[in-house]
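Peer 1: Structural data only, the sequence is not supplied:
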């Protein structure tokens, strides 16, 4: 697959990475910081794997399918945890993470068929 074929997934991962980073920083400003601990941890995990997935797609890594599967799993976990909270930044994170998870699964499946 080419970078052009990955572009929608790259964009979704970038959006998720940004939403997770924003949610993490915003969580640090909340009064109920202790209740957000797991959400913050997953925000970091998700932002990091999305960044790595973007890099893997950009350089056409031979491991991209596995990386995207892991990215989808972490994005889903982050969205699930964020859904336990009412903060606006958590709600934005949910949408971005679910979109990225769907895009990663779609491309991962296509890469396996294409290979």
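Peer 2: Right, received. Where do you want to start? Since the model is a prediction, treat every value here as computed from it, not as a measurement.

Peer 1: So the residue in the chain sticking out farthest from the centre, which state does it fall into?
Peer 2: Most distant from the centre of the chain: residue 31, at 25.5 Å, with distances by CA atoms, centre = their mean. Following DSSP: H, G, I helix; E, B strand; the rest coil, the label given to residue 31 is coil.

Peer 1: Flag every buried residue along the lengthiest helix in the chain.
Peer 2: In the chain, assigned by DSSP state H, the helix with the most residues is helix 88-114. Buried residues in helix 88-114, counted by 16 or more other CB atoms under 10 Å: 89-90, 92-94, 96-101, 103-105, 107-108, 110-111. C-beta coordinates here come from the backbone N, C-alpha and C atoms, glycine included.

Peer 1: again with stretch 69-85
Peer 2: Quick answer for stretch 69-85 (16+ other CB under 10 Å): 69-72, 74-79, 81-82, 85.

Peer 1: repeat for stretch 18-31
Peer 2: Result for stretch 18-31 [16+ other CB under 10 Å]: buried residues 19, 20, 21, 22, 23, 24, 26, 27, 30.

Peer 1: Need the distance between the two termini of stretch 26-44.
Peer 2: Counting by CA to CA, to the nearest Å, you get 13 Å between the two ends of stretch 26-44.
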